[in-house]
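*Asks:* Whatever this is, show me its structure:
(4 chains)
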Number of protein chains: 4
Amino acid sequence: MIKVSVVGAKGRMGSHVVDAVNGAQDMELALTLDAGDDLHAITPENTDVVVEFTVPSVTLDNVLTLIGQGVDVVVGTTGWTEDRLEQVRQALAAAPRADQAVFIAPNFAISAVLADYFAKLAAPYFESAEVVELHHPNKVDAPSGTAIHTAQGIAAARQAAGLAPVPDNTETDGGSRGQVVDGIHVHAVRLRGLNAHEEVLMGNAGEQLTIRADSFDRISFMPGVLLAVRKLAEGSHAGLTVGLDRFLDL
Amino acid sequence: MIKVSVVGAKGRMGSHVVDAVNGAQDMELALTLDAGDDLHAITPENTDVVVEFTVPSVTLDNVLTLIGQGVDVVVGTTGWTEDRLEQVRQALAAAPRADQAVFIAPNFAISAVLADYFAKLAAPYFESAEVVELHHPNKVDAPSGTAIHTAQGIAAARQAAGLAPVPDNTETDGGSRGQVVDGIHVHAVRLRGLNAHEEVLMGNAGEQLTIRADSFDRISFMPGVLLAVRKLAEGSHAGLTVGLDRFLDL
Amino acid sequence: MIKVSVVGAKGRMGSHVVDAVNGAQDMELALTLDAGDDLHAITPENTDVVVEFTVPSVTLDNVLTLIGQGVDVVVGTTGWTEDRLEQVRQALAAAPRADQAVFIAPNFAISAVLADYFAKLAAPYFESAEVVELHHPNKVDAPSGTAIHTAQGIAAARQAAGLAPVPDNTETDGGSRGQVVDGIHVHAVRLRGLNAHEEVLMGNAGEQLTIRADSFDRISFMPGVLLAVRKLAEGSHAGLTVGLDRFLDL
Amino acid sequence: MIKVSVVGAKGRMGSHVVDAVNGAQDMELALTLDAGDDLHAITPENTDVVVEFTVPSVTLDNVLTLIGQGVDVVVGTTGWTEDRLEQVRQALAAAPRADQAVFIAPNFAISAVLADYFAKLAAPYFESAEVVELHHPNKVDAPSGTAIHTAQGIAAARQAAGLAPVPDNTETDGGSRGQVVDGIHVHAVRLRGLNAHEEVLMGNAGEQLTIRADSFDRISFMPGVLLAVRKLAEGSHAGLTVGLDRFLDL
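*Replies:* Numbers count the residues shown, from 1 in each chain, chains lettered A, B, ... in the order given. Sure, this is the predicted structure:
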């Protein structure tokens, strides 16, 4: 049985994690902590893996503290920059256990992770590519970080394959052609009733490939979270790992 | 048998019209004319209805000449402004026959005409609405005239129903939210392999309605052209009629 | 203020109705009843409109009792046959108030009601038409009642327009062409993650029209329920009305 | 310059191949043959690679003859069974050149090949999976060979990963649930206006992944044909290779 503690256990995501751990036959719930609780209560004696879903302003401190406690950490909070990741790597180099592991994923939805991965694989074979993301209207940023990441991956794969820029003879446009990310047009739709969705469109003469990921509910993140917990518990992923695609057998 | 002449018969659209008329059991092909040919060859003796598919720079003159010849005209050429339409109305008022008719349609694809019509009907019942159009990358304008027309129709229907503006909490955007037409966001995708496509998305809490029209080939305009020819030949549409939805039984 | 009572108030749908009535500025919640409660507590003094969301085995008795109490009723429970509807009509003919009204809808999701309505309007203009419905895998019947209703509507509209059967040269098929309802092929997809979705596909040479309704959550029924309550409260819909499209301005 | 001969040059596919070879800067068209022409005219002196697009009844004889002539062959004709493939392997073992190569692909559309490949990669990560294929109504078989192949690939990947059967509580069905291929439901839509399309749907609680390939026109096969010609001309693919995915860098 993998002993799992949850930090941010009363939050929107954390409460789903608590349910998911309770429902997993190979896991048992250890501690559940929230804002104000002392993370030093988490130790290798009571916990194998911690799942941390809090807010960007406190997640780095939380992770550094947990590394010091000698436990592995799965992090679902967003807002990680290269500078912050480097601090995690350094903390791991000085961690109590030699094989200690931290896993950080910007997106735990398997459909979204696969769509992003397939977009990169397919990109060299198509003359055209665009990205459309669709979200609920309460989202404050546009386009989504996931869509920007997908567009960057497509652009890099096209460049590596020596492709010319996407064809586009538009002469007059009042803004409908969207935001251009590394040469790839990205469009953001905001619609009541939606949650988080991404569609990648690629085209050649006479054909189109469409890859679409729909996340209707944050419960869709749970299989990815449990997968990450299991991978860290196996003990073969020492150090910092970023991105759920690293744990998929692709 | 309806006697149909075609002006612009060697053009991309006109050649399809010639084929379609030849294939229609209730029509016979009369004259086929092109640039340089004298339109005065078309008379009520040899022609019931003329189909005009040429270019914006000559279509007004063609239509005025044909009205003077005493024949009905179905016009598929684009570029019609209110001022030009008014000239057609005045010419019809002084036409040789009292019941003479001209029909002008910006789009003859029945799927596109219905999508536009359904969007207006549905608009009052949804909190959110956006339009995405997708075309081949050789198109020079973005968004398409059809998408602008659809967005305007949605906006007018929302206003008539007293709806609040569409919800949108976007605070930071680099251009991905598209062009705003009368309060409705419009997005334009350009992809090799595509022809002309429009998708209307509407949403309420917990539900979405999607209406999509795909025109894969200009042959899709022919049923609409033949329908218009038949409606004018019936003799009950004297004067100027604009828009194929006027001839659909909706 | 419209006084609304809810029968089946603790059920999955009823509890959403209670919330929706509480959130509507022009309504106030009157009585909330459930299995075991006496419906005779509902009277014209405390209630203008009753919303009944229970189960097929009790809904007819409930509606007949409520008609006898002299109140208008909006019914969301399914399982209504023509025989049952006739009993409601007869009860209304002998009701305490001359202008008493009952409204029954098999589907309150506006997107689904509009998709069904648009499918009928579009049907005469397309050579081909098929219906694909997609639901969660716990659904016990296939295809959905809504999909059958849509297919029947398309078939009737095609017949009224004198269309030939849909073209289909299939010679060998192991069952993939789906169920044929009045000549229209209907397909049912069952997928974890989905709720209730319907897609209507129509095609002519060179073009396609797609109408899709997605119901992600039963909260999507609430705007339709509130609309029906308001329509009955207006007092101009005496007798039995079936189908939400009757209350949409189409 | 790669010298390319075409067998079946006047056929629907062959004539596109002739155009594609003429348009490729690294290829030159050698011989173009059709029914009745003697394949012995093709020799290593005038031809590096032959593209064969004929009919199932003659393709095996054509390929065996061409192997005897000492040239490489790219085959686009369908109807290849394991028995036929084995005859090609044996002929290659006794071929004039030691490094002689034959490439056979059931589908040259890159979008379709990628969709099939991605479906296999994604299959282990989703509880549900179904396949919907959509074609023009003149197609005589249902479902398409491509859809059966995709369903088989999904089923094999699920079995290898130890997944349970797809969830499905359907109790009553009149045929709408489609054809079951190795446990995967496959649906076939036939619609005027369409050409060849496949959609793979996968779902987990709260999420969906959709992969769709649209072939609007057989011109979409040309990039795959030219890719195969180039791969054989490189000289590093001796023997028989089946499937375009073998030549994609995935």
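
*Asks:* CA atoms for contacts and neighbours, from now on please.
*Replies:* Noted.

*Asks:* Could I get the full set of strands for chain A?
*Replies:* Assigned by DSSP state E, chain A shows strands spanning A:2-7, A:27-33, A:49-52, A:72-75, A:101-104, A:128-135, A:141-142, A:172-173, A:179-181, A:184-190, A:196-204, A:207-215, A:239-242.

*Asks:* Let me know whether the helix ranked longest in chain A sits next to chain B.
*Replies:* In chain A, ranked by residue count with DSSP state H as the criterion, the top helix is helix A:145-160. No. Judged by Cα under 8 Å from any Cα of the partner chain, helix A:145-160 stays clear of chain B, getting no closer than 10.4 Å.

*Asks:* Show me the contact partners of that helix.
*Replies:* Residues from elsewhere that reach helix A:145-160 (Cα atoms under 8 Å, 6 or more residues apart in numbering or on different chains): A:106-107, A:116, A:119-121, A:123-124, A:129-133, A:164, A:181-186, A:198.

*Asks:* And stretch A:38-57, by the same measure?
*Replies:* So stretch A:38-57 is in contact with A:2-9, A:11, A:13-14, A:17, A:30-31, A:33, A:59, A:62-63, A:65-66, A:69-80, A:229, A:232-233, going by Cα under 8 Å, 6+ apart.

*Asks:* buried subset of the residues you listed?
*Replies:* Neighbour counting by 16 or more other Cα atoms under 10 Å in any protein chain shown classes A:2-9, A:13-14, A:17, A:30-31, A:33, A:59, A:62-63, A:65-66, A:69-78, A:229, A:232-233 among these as buried.

*Asks:* Next, the contact list for residue A:93, please.
*Replies:* residue A:239.

*Asks:* just to revisit the earlier point, among the contacts of helix A:145-160, name the buried ones.
*Replies:* A:106-107, A:116, A:119-121, A:123-124, A:129-133, A:181, A:183-186, A:198.

*Asks:* and chain D, which of those residues reach it?
*Replies:* residue A:121.

*Asks:* picking up where we left off before, let's have the strands of chain A in a markdown table, adding distance to residue C:149 and mean pLDDT.
*Replies:* Output for the strands of chain A, formatted as a markdown table (distance: least, Cα to Cα, whole Å; pLDDT from 0 to 100):
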| stretch | distance to residue C:149 | mean pLDDT |
| --- | --- | --- |
| strand A:2-7 | 48 | 98 |
| strand A:27-33 | 47 | 98 |
| strand A:49-52 | 48 | 98 |
| strand A:72-75 | 48 | 98 |
| strand A:101-104 | 49 | 98 |
| strand A:128-135 | 31 | 98 |
| strand A:141-142 | 40 | 94 |
| strand A:172-173 | 43 | 93 |
| strand A:179-181 | 43 | 98 |
| strand A:184-190 | 31 | 98 |
| strand A:196-204 | 30 | 98 |
| strand A:207-215 | 28 | 98 |
| strand A:239-242 | 49 | 97 |
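
*Asks:* Tell me which of those sits nearest to residue D:211.
*Replies:* Nearest to residue D:211 among these is strand A:207-215 (4.7 Å), distances taken as Cα to Cα.

*Asks:* Tell me if the closest one is near chain B.
*Replies:* Yes. Strand A:207-215 lies within reach of chain B by Cα under 8 Å from any Cα, at A:207-208.

*Asks:* Can that strand be said to contact chain C?
*Replies:* No. Shown here: strand A:207-215 not in contact with chain C (Cα under 8 Å from any Cα), separated by at least 8.9 Å.

*Asks:* That strand pairs with which strands, and in what direction?
*Replies:* Paired neighbours of strand A:207-215 in the sheet (DSSP bridges): strand A:196-204 (antiparallel), strand D:207-215 (antiparallel).

*Asks:* Next, the angle strand D:128-135 makes with the last one.
*Replies:* In this case it means strand D:207-215. With axes from the mean of the first three to the mean of the last three Cα atoms, to 10 degrees as the basis, strand D:207-215 and strand D:128-135 are set at 20 degrees to each other.

*Asks:* So what touches strand D:207-215?
*Replies:* A:109, A:111-112, A:115, A:206-217, A:220, C:193-194, D:109, D:111-112, D:115, D:118-119, D:195-203.

*Asks:* who touches residue A:197 in this structure?
*Replies:* Taking Cα under 8 Å, 6+ apart, one finds A:133-135, A:212-215 in contact with residue A:197.

*Asks:* mind running it again at 6 Å?
*Replies:* A:133-134, A:213-215 (Cα atoms under 6 Å, 6 or more residues apart in numbering or on different chains).

*Asks:* need the residues you listed in a markdown table with distance to residue D:144, can you?
*Replies:* Shown next, in a markdown table, are those (distance: Cα to Cα, whole Å):
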| residue | distance to residue D:144 |
| --- | --- |
| A:133 | 31 |
| A:134 | 32 |
| A:213 | 25 |
| A:214 | 27 |
| A:215 | 30 |
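
*Asks:* okay, among these, which ones form the most distant pair?
*Replies:* A:133 and A:215 (11.4 Å).

*Asks:* Can you pull up the residues of chain A that come close to chain B?
*Replies:* When proximity is defined as Cα under 6 Å from any Cα of the partner chain, chain A approaches chain B at A:128, A:137-138, A:140-143, A:167-179, A:186-188, A:191-193, A:203-207.

*Asks:* Using ChimeraX, define a selection of the buried residues within these.
*Replies:* Command for ChimeraX, covering only those of the residues of chain A next to chain B found buried under the criterion 16+ other Cα under 10 Å:
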select /A:128,137,142,143,168,173,175,176,177,178,179,186,187,188,191,192,193,203,204,205,206,207
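
*Asks:* Could you list the domains of chain A?
*Replies:* Using automatic domain parsing, the domain parsing of chain A gives A:2-104+A:219-247, A:110-216.

*Asks:* how many other residues sit next to residue A:222?
*Replies:* Residue A:222: 22 surrounding residues under other Cα atoms under 10 Å in any protein chain shown.

*Asks:* okay, it: pLDDT?
*Replies:* Residue A:222 is assigned a pLDDT of 95 by the prediction.

*Asks:* do residue A:177 as well
*Replies:* 98.

*Asks:* in terms of contact, does it touch residue B:188 like I think?
*Replies:* Yes. Between residue A:177 and residue B:188 there is a contact under Cα atoms under 6 Å: 5.0 Å.

*Asks:* tally of neighbours for residue A:16?
*Replies:* Counted with other Cα under 10 Å, residue A:16 comes out at 18.

*Asks:* likewise the one 5 residues further on?
*Replies:* Residues contacting residue A:21 under the criterion other Cα under 10 Å number 23.

*Asks:* Distance of it relative to residue C:153?
*Replies:* 48 Å (Cα to Cα, to the nearest Å).

*Asks:* now do residue A:78
*Replies:* From residue A:78 to residue C:153 the distance is 49 Å (Cα to Cα).

*Asks:* One more: residue A:66?
*Replies:* Counting by Cα to Cα, the separation of residue A:66 from residue C:153 is 62 Å.

*Asks:* repeat for residue A:246
*Replies:* Per Cα to Cα, residue A:246 is found 50 Å from residue C:153.

*Asks:* which one of these two has more residues nearby?
*Replies:* residue C:153 (20 against 13).

*Asks:* Distance-wise, check that one relative to residue B:208.
*Replies:* Between residue C:153 and residue B:208 the computed distance is 21 Å (Cα to Cα).

*Asks:* Also residue A:55?
*Replies:* If you go by Cα to Cα, the gap between residue A:55 and residue B:208 works out to 31 Å.

*Asks:* okay, those two: which has more neighbours?
*Replies:* Between residue A:55 and residue B:208, residue B:208 has the larger neighbour count (other Cα under 10 Å), namely 27 against 14.

*Asks:* hmm, back to that, any chance of the strands of chain A in TSV, with distance to residue B:225 too?
*Replies:* Shown next, in TSV, are the strands of chain A (distance: least, Cα to Cα, whole Å):
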stretch	distance to residue B:225
strand A:2-7	66
strand A:27-33	67
strand A:49-52	63
strand A:72-75	60
strand A:101-104	59
strand A:128-135	33
strand A:141-142	42
strand A:172-173	29
strand A:179-181	38
strand A:184-190	34
strand A:196-204	30
strand A:207-215	28
strand A:239-242	58
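
*Asks:* Can you name the residues bridging to residue A:188?
*Replies:* residue A:133.
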